[in-house]
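Student: Sharing a model that was predicted from the sequence below.
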Amino acid sequence: MNLLIIAPSLPYPPASGGALRVYSLLRGLHAAGHRVTLLALDDSGLNPAETPLRELCARVEAFPIPQRTKSQRLKMLLTTTQADLAHRLYSDELAKRLREILGAEHFDLIQCEALEMACYLPVAKAAQTSAKLCLDTFNAEYQLQRVIAGIDAREPKRWPMALYSWIQAGRIESYERQMCALADIVIAVSPEDADLLRPFRADGKIHVLPSAISVDDYAADFPLVDLGVHALIFTGKMDYRPNVDAALWLVNDILPLIRQRVPDVTVTLVGQQPSPRLDALRTVPGVTITGRVESVVPYLRGAAAYVAPLRMGSGTRLKLLEAMATGSPIVATTAAAAGLMPDAKAAMLIADGAQPFADAVIGLLTAPEKRDEMVNAGKIAVRAHYDWSATAPALLNIYKEHGLV
């Protein structure tokens, strides 16, 4: 097949959930012998030709991420009924280049990664109607906005953001419905997300393809970062609202409860682009915010436990797969573990609410004999269900069902 993939970021290094999914997808397609062109937005400054992406793709082109001011976003909110997400990553430069490429070359499949990139589906449809169009969703976005609105509504100082998210949820639902109907193929990352998106298609067909990792990449003998005996770690893109909320809740509400029993516990937040909302956490003793790191694996190996105190979000938590693959015991919320297979959930401690979450962490830190059992179960589950050597064939089967491959 000749495929064109349009991504919201250059998926190298694969340091966030979306980048991990797209990078693994590219590896699977390349290994199966298919030809891939990748168009991606990028603000990293990397030269794609100097990354492994050049080996996986016949062509890689990167475009500046479009910038919009708060006033522009506010104007759209007040003067239109359109979802902000529908325009957030629309680039005239990328759209122009897309038309040029489609005018010169035939593709069997054009695939947009995440709803933010679905704005290019109409462009592709108009330029090359014979190609199949695929939308690979990372979340059921309208539901995510509803959950975010509910969380923000609990804090009076966040009421303006709660109102914004509540308005956007309805607009995103309408846009998500349009894009799911336009695409020939829609892929969700979990059965839960598929159920939320299924009403948006006349045929009710939403494919499920869990996000995955290359397990061997994490099982290698990496060095570790010594974070201390009772070190907790949380990873992710630190300007992503669900991750920001999780980090704040962890440090402000859960950490003090843990310290009542484990005084020397520390927290390390690992991930690129920390939000200014996290700046206050830098003054909390025992809390470290690293920013972008070359690899999360040494940090995962150096922690006593991985924590995922997410209260919002959907999809498959790649951060949990990474933790399982590196042998980190996990404490997670129900929201964080949503979408995982039952044996993967069984390999971690799941707790909701600040006190239950703190109690689960305390139990893990003070009873290390639990660790080996959890670690072994996690490694077995992640290799069985979430390695791309197992899931890449499932992707190709989805394409085959639609007359491709």
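Tutor: Here it is on my side, so go on. From a predicted model like this one, the values you see are computed outputs, not experimental measurements.
Student: buried ones in the helix or strand of the chain with the lowest mean pLDDT?
Tutor: The weakest-scoring helix or strand in the chain, judged by mean pLDDT, DSSP states H and E, is helix 70-79 (a mean of 77). Neighbour counts over helix 70-79 (16 or more other CB atoms under 10 Å) mark M76, L77 as buried. C-beta here means a position set from N, CA and C on the backbone, and glycine is covered the same way.
Student: which residues in the stretch 1-150 of the chain form helices?
Tutor: Here the stretch 1-150 of the chain has its helices, by DSSP state H, counting those that start in this stretch, at 17-31, 53-56, 70-79, 92-104, 121-127, 141-152.
Student: I'd like these as TSV, with distance to L209 appended.
Tutor: Formatted as TSV, the helices of the stretch 1-150 of the chain follow (distance: least, CB to CB, whole Å):
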stretch	distance to L209
helix 17-31	9
helix 53-56	18
helix 70-79	32
helix 92-104	24
helix 121-127	18
helix 141-152	17
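Student: Determine the set of other helices and strands touching the host helix or strand of K370.
Tutor: Here K370 sits within helix 369-385, counting by DSSP states H and E. Contacts defined by 3 or more CB pairs under 8 Å, 6 or more residues apart in numbering; DSSP states H and E place helix 369-385 against helix 215-219, helix 318-326, helix 342-346, helix 354-366.
Student: Kindly state which of those helices is positioned closest to A181.
Tutor: Closest to A181 of the helices and strands packed on helix 369-385 is helix 318-326 (CB to CB; 28.0 Å).
Student: just checking, what packs against the next helix or strand after the helix holding K370?
Tutor: Following helix 369-385 in sequence order, the next helix or strand is helix 388-401 (DSSP H and E). Packing contacts for helix 388-401, counted by 3+ CB pairs under 8 Å, 6+ apart, involve helix 17-31, strand 185-188.
Student: The ones you listed: lowest mean pLDDT?
Tutor: Least confidently modelled of the helices and strands packed on helix 388-401 is helix 17-31, at a mean of 89 by mean pLDDT.
Student: buried set for it?
Tutor: Buried positions in helix 17-31, judged by neighbour count with 16+ other CB under 10 Å: 17-30.
Student: just stretch 325-341 next, same as before
Tutor: Neighbour-count burial for stretch 325-341 flags 325-333, 335-341 (criterion: 16+ other CB under 10 Å).
Student: Quick check: buried residues in stretch 262-281?
Tutor: 262, 265-272, 274-275, 278, 281.
Student: swap that for stretch 97-105, please
Tutor: Under 16+ other CB under 10 Å, the buried positions of stretch 97-105 are L98, I101, L102.
Student: before we move on, what about stretch 83-90?
Tutor: Neighbour counts using 16+ other CB under 10 Å place A83, D84, L85, A86, H87, R88, L89 of stretch 83-90 among the buried residues.
Student: And the second one, how close does it get to M117?
Tutor: D84 sits at a distance of 15 Å from M117 (criterion: CB to CB, to the nearest Å).
Student: which other helices and strands contact the lengthiest helix in the chain?
Tutor: Ordering each helix of the chain by length in residues (DSSP state H) puts helix 159-182 first. Secondary-structure packing of helix 159-182 (3+ CB pairs under 8 Å, 6+ apart): helix 121-127, strand 132-136, helix 141-152.
Student: what inclination does it have with respect to strand 132-136?
Tutor: With axes from the mean of the first three to the mean of the last three CA atoms, to 10 degrees as the basis, helix 159-182 and strand 132-136 are set at 150 degrees to each other.
Student: tell me which residues of helix 159-182 are tucked away?
Tutor: Those would be 161-162, 164-169, 171-173, 175-176, 178-180, for helix 159-182 by 16+ other CB under 10 Å.
Student: Contacts for the strand ranked longest in the chain, please.
Tutor: Criterion DSSP state E: the longest strand present in the chain is strand 35-42. For strand 35-42, contacts defined as CB atoms under 8 Å, 6 or more residues apart in numbering pick out 1-11, 26, 29-30, 48, 53, 56-66, 89, 91, 94, 97-98, 101, 105, 107.
Student: and with 6 Å instead?
Tutor: With contact meaning CB atoms under 6 Å, 6 or more residues apart in numbering, strand 35-42 is reached by 2-10, 29, 57-63, 65.
Student: circling back: for K237, which of the helices and strands packed on helix 369-385 is the nearest?
Tutor: Among the helices and strands packed on helix 369-385, the nearest to K237 by CB to CB is helix 318-326 (9.8 Å).
Student: Who are the packing partners of the closest one?
Tutor: Counting by 3 or more CB pairs under 6 Å, 6 or more residues apart in numbering; DSSP states H and E, the packing neighbours recorded for helix 318-326 are helix 215-219, helix 297-302, helix 369-385.
Student: looking at these, which has the lowest confidence?
Tutor: Among the helices and strands packed on helix 318-326, helix 215-219 scores lowest, with a mean of 84.
Student: Return the distance of that helix from the chain's centre.
Tutor: Centroid separation for helix 215-219 versus its chain: 19 Å, with CA atoms, centre = their mean, to the nearest Å.
Student: next one: stretch 271-279
Tutor: So, by CA atoms, centre = their mean, the centroid of stretch 271-279 is 17 Å from its chain's centroid.
Student: Mind checking the pLDDT average for it?
Tutor: Across stretch 271-279, the average pLDDT comes to 94.
Student: And the contacts of that stretch?
Tutor: Identification of contacts with stretch 271-279 by CB under 6 Å, 6+ apart yields T235, G236, K237, M238, D239, V244, A247, I289, G291, R292.
Student: Not counting residues beside it along the chain, what's closest to D359?
Tutor: Closest residue in space to D359, ignoring its immediate chain neighbours: A351 at 7.0 Å, by CB to CB, 6 or more residues apart in numbering.
Student: what does A338 give?
Tutor: Spatial nearest neighbour of A338, excluding adjacent residues (CB to CB, 6+ apart): E192 at 5.8 Å.
Student: hmm, back to that, which of the helices of the stretch 1-150 of the chain sits closest to E373?
Tutor: For the helices of the stretch 1-150 of the chain, proximity to E373 was assessed by CB to CB; helix 17-31 is nearest, at 26.8 Å.
Student: Distance from the closest one to the middle of the chain?
Tutor: Relative to the centre of its chain, helix 17-31 is centred 13 Å away, using CA atoms, centre = their mean.
Student: Send me that helix as CSV with only the CA atoms.
Tutor: C-alpha atoms of helix 17-31 as CSV (Å, rounded to 0.1, in the frame of the first residue of the first chain):
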residue,chain,number,x,y,z
GLY,A,17,1.4,9.1,24.2
GLY,A,18,0.5,10.4,20.8
ALA,A,19,4.0,10.2,19.5
LEU,A,20,4.4,6.7,20.8
ARG,A,21,1.3,5.5,19.0
VAL,A,22,2.3,7.1,15.7
TYR,A,23,5.9,5.9,15.9
SER,A,24,4.8,2.4,16.7
LEU,A,25,2.3,2.5,13.8
LEU,A,26,5.1,3.6,11.4
ARG,A,27,7.3,0.8,12.6
GLY,A,28,4.6,-1.7,12.0
LEU,A,29,3.7,-0.5,8.5
HIS,A,30,7.4,-0.3,7.5
ALA,A,31,8.0,-3.9,8.8
